[in-house]
Each structure stands twice: as C-alpha cells, then as structure tokens.
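*Asks:* Could you look at this predicted model? Sequence included:
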Protein chains: 2
Amino acid sequence: MPTRKSTPKIRPYHHGDLRRALIDAALALVTEEQDWAFSLREVARRAGVSHNAPYNHFGDKQDLLIAVAGAGFEKLRERMAASVAGVSAADEALLASGRAYLESALENPALYRLMFGPALAKPKGGRPQAAREAGNDARAVLVDIIVRGARSGVFTVAADDPVDLEKAVFFAWSVVHGLAMALLDGFLQVELTVDDLIKQFERVVLRGLLPR
Amino acid sequence: MPTRKSTPKIRPYHHGDLRRALIDAALALVTEEQDWAFSLREVARRAGVSHNAPYNHFGDKQDLLIAVAGAGFEKLRERMAASVAGVSAADEALLASGRAYLESALENPALYRLMFGPALAKPKGGRPQAAREAGNDARAVLVDIIVRGARSGVFTVAADDPVDLEKAVFFAWSVVHGLAMALLDGFLQVELTVDDLIKQFERVVLRGLLPR
DNA sequence: ACCTGAACACCGTTCAAGT
DNA sequence: ACCTGAACACCGTTCAAGT
C-alpha cells in the first residue's frame, strides 16, 4: 500500500468556511456590477466550488443575498462605531456617525440598496432574521448616541420615555437615509459634497433635537 | 374564393398598444409579488403574447423594468399634483404633497423600491432617459410648491437663487424619501401612523423653510 | 457533514420566418 | 411593423451518490 497522500493539496476553503467565501464572492459581485442580478452559479464559480455547493449553506439565492445584506449592515455598524469612538459630546457623535453613514452608502450604492431592498422586506419564512439583527445592531449605535445626548441634556429628548426616544432615533435615521438615497439617485441637481450634506444633516437633525 | 374573414376576432392588444399592456402586466406583477424577480416570459404570458413579442418594444428585461419605474413616477406625479390642486398656501401644499408621497410609497413598497433601485441608476446606454424625465416631472411638483412659497415669502428661500432653491428642494425631497424608506423597512420600532409621519415632516421641513 | 455530477424545468435572447 | 416558433446557452433547484 503506497503512502497516503497526506500532504494537503491547495484546496481553498475546505477548512469549512465556504459559507463566508460565498458571501464574500457575492459581495464582490454586488460591488462590481452594482446590482444583484448575477447568478448563483456565478457566485459558486468565483468561490471555486460546484454550482450546488451553495445549497449546503443557503436555502436559495435569496437567502445568500439576505446574508450579503447582513454583512453590509455589519460593515455599516463597524464604521459608525469607529466614527464615534473618541467622541464624547453627543451632538458631535451624531454628526460623525451621520457622516460615516453617508460615506458608506456613497461608496457602495448597490450594497446599500440591497440592504434596504425587497429581499429583506419579504417575510417568506422568517429567514432574514440574522440580517435584521445586524441592521438593529447598526441602529443601536445611533440609539446609544441619542440616549447619551438625552441623559446629558444635550438633546431635547426624554431619556426615560421610550416612545420619545424611538421617535428621535427614527427621525435621525430617516433623515440621513433620505439624504443618502436622494444623493444616490441623482435627485440633487446642484453640486453638493458630503460635507455639504453633513451640514444639511446638522441643520435638520440638530435643529430637531437641540433646545430651541 | 370564399368571403374574406373580415370580422375582427377578439384579438387583444393587436390594436397596437402591446407596449402599454406589457408595462401594465409587469406593474401588476411587481405589485402582487412585491419584487421584480419575475421572468420576462411571465410578463409576456400575462399579456397573452409569445415570449419574444416584448423584444419588439423593449431592448431587454431591464428596459421593461425601467419603463415600469417610469410609470410609477407618472402615478406619483399625478397623485402629488392632485393633492395640491386646490391648496393655495405653499406650506399647506408642501404638507399635502408630502402626505401624497408617503401614501403612494406605503401602498406599493416594491414599486417604490424599483423606482429608486439599481435599474435606473445604471447608465448602460442612456436608456433610462424617459423614466428619469418622469421622475423629474414628479420632482417639478415639489419645485413649483417651493418656488411659490419662496415668492410669497412663506418660505425662507431666495426665489431668485437657483442654488438656494435646489437645496431646499433636495432637502424637502430627501426628508420625505427618508421617512418613507425607513417606514417601509420597519426601522420604526414604535407605532406611528401616516399622520404622525406628516407631523414629523411638518416639524422637520417647515422648521427648515419657515422663518425662525 | 459537506461536496459533486447528472438531470429537469425554466429563462433571456437571437434568428429566420410569417403576416 | 409587429408577431411567432425553433433554437441556444444558461440558470435555479433537486436528487442520488460520493468522501
């Protein structure tokens, strides 16, 4: 009996993280093509596996896209968290996180659209759960900032009133969200930089949260 | 030679508006499935034609989706225009159009996402032109309102300064856009009605445009 | 447990015809 | 000018095997 060929071949990913590799490949495709109309088989090809290997990790193509959206939310959360790391004043932190948010969206519009696209919106068996949690984690960064501002009295929000708090969070989120989307879609007919947008954000959000 | 069968058979759409029929069928599918992952062949089936008939009217599937988005913008424009028909005060008109906008978005989230989705964003031969024009027409309703408010002195916008005007329009649009999107995506964790949202809109936009 | 190859029904798009 | 049928390469998904 010959010696067993025990030297490990260069077999990528068989260490067990094909799932991650597939998400990365799909994320790269979304980024390159600025759309998510590519085929699942193409993703498998990129990951160097057979076209049905993905089904060991995802129920279907939609599930993979949901996971990509989840990864997008994780990246967004990290970026937002990093932007407020050394910032103690709540109003400054709010602006910094808003800037991080806008920059993230503008860097990868398609990923951003996927994160807020129909994939996550459709119930279909409660599968988007993990991605939704990632979205909530990103949202939590904003909640923290607003709670801090409310406690320190920088914002005119009642820190102990959940409804008031939620309204403020929703309000701030929707304004940056709207700025990002409108910018992405070219609804802006005049030249504005991200800095200008931040000023808009400041003008709008802080005016809504700071004492008059 | 027998008589020519000149009596018109019940042949739907052969009067020439298959294009419109295809757009309607696709619009119905977007509405029903709340997604645009359906096949072009399915659209053709619904319109009662062979699976390649669409290619007489659209370059490809993407082109059809772009046309659907265009139809969505037309409906949005009509609805916004109707909402401000009898309203003379600019600030009231702004609120009314904002309400119309939110209601439209909430009634058909998938159509709304399609209108602001990757299809229109990708250049690919300058084909989305018509749909973009429809979008601009909807936008024009808002421009009119703001110009009116600027001229009548209700809004703190310089009516003769294009940049100031554009900023105000962009600002108002992005806020409703953001409210609609955030609501669609369930980022709101507290119960709010459209009326509550309109109050938010009022609080934010009017505060930004009215004299302090 | 994870991956592969074969298989199936379906799809987007093209092309040569038909009227 | 507009529509159809046949054709092609490709896709999503399933299944029976392989390790």
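*Replies:* On my side now, so go ahead. Quantities reported herein were computed from a predicted structural model and do not represent experimental measurements.
*Asks:* Distance check, A:A100 against chain B.
*Replies:* Separation of A:A100 from chain B (CB to the nearest CB, to the nearest Å): 17 Å. (Glycine included, C-beta is placed from N, CA and C.)
*Asks:* Now do the contacts for that residue.
*Replies:* By CB atoms under 8 Å, 6 or more residues apart in numbering or on different chains, the contact set of A:A100 is A:79-80, A:82-83.
*Asks:* got TSV for those, with distance to DNA strand C, pLDDT and secondary structure too?
*Replies:* Listed next are the contacts of A:A100 as TSV, based on distance: CB to the nearest atom of the strand, whole Å; pLDDT from 0 to 100; DSSP: H, G, I helix; E, B strand; the rest coil:
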residue	distance to DNA strand C	pLDDT	secondary structure
A:R79	30	98	helix
A:M80	32	98	helix
A:A82	32	98	helix
A:S83	36	98	helix
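*Asks:* Now the two most distant members of those.
*Replies:* A:M80 and A:A82 (7.3 Å; CB to CB).
*Asks:* Look at those two and report which has more neighbours.
*Replies:* Counted by other CB atoms under 10 Å in any protein chain shown, A:M80 and A:A82 do not tie: A:M80 has more neighbours, with 25 against 13.
*Asks:* Which residues are in contact with the more buried one?
*Replies:* Going by CB under 8 Å, 6+ apart, A:M80 touches A:97, A:100-101, A:138, A:141-142.
*Asks:* Spatially nearest residue to the spatially most central residue of chain A, not counting backbone neighbours?
*Replies:* By CA atoms, centre = their mean, chain A has its centre lying nearest to A:F73, at 2.5 Å. Of all residues not flanking A:F73 in the chain, A:A134 sits nearest, at 3.7 Å (CB to CB, 6 or more residues apart in numbering or on different chains).
*Asks:* The one you found - how many residues pack around it?
*Replies:* 22.
*Asks:* Just the element for it, please.
*Replies:* Taking DSSP states H and E as the criterion, A:A134 maps to helix A:129-151.
*Asks:* Any chance you could list what contacts that helix?
*Replies:* Here helix A:129-151 makes contact (CB under 8 Å, 6+ apart) with A:66-67, A:69-71, A:73-74, A:76-77, A:80-81, A:84, A:90-91, A:93-94, A:97, A:115, A:120, A:155, A:157-159, A:165, A:168-169, A:172-173, A:209, B:187.
*Asks:* for the record, mean pLDDT for that helix?
*Replies:* Taken as a whole, helix A:129-151 has an average pLDDT of 93.
*Asks:* Same check on stretch A:91-111?
*Replies:* Here the average pLDDT along stretch A:91-111 is 94.
*Asks:* Only the buried residues of it, if you could.
*Replies:* Buried residues in stretch A:91-111, defined by neighbour count with 16 or more other CB atoms under 10 Å in any protein chain shown: A:91, A:93-102, A:104-105, A:108-111.
*Asks:* now stretch A:161-178
*Replies:* Neighbour-count burial for stretch A:161-178, counted by 16+ other CB under 10 Å, picks out A:165-178.
*Asks:* Can you tell me the SS state at whatever residue of chain A ends up closest to DNA strand C?
*Replies:* In chain A, the residue found nearest to DNA strand C is A:S50; the distance is 3.2 Å by CB to the nearest atom of the strand. Under DSSP: H, G, I helix; E, B strand; the rest coil, A:S50 falls in the coil class.
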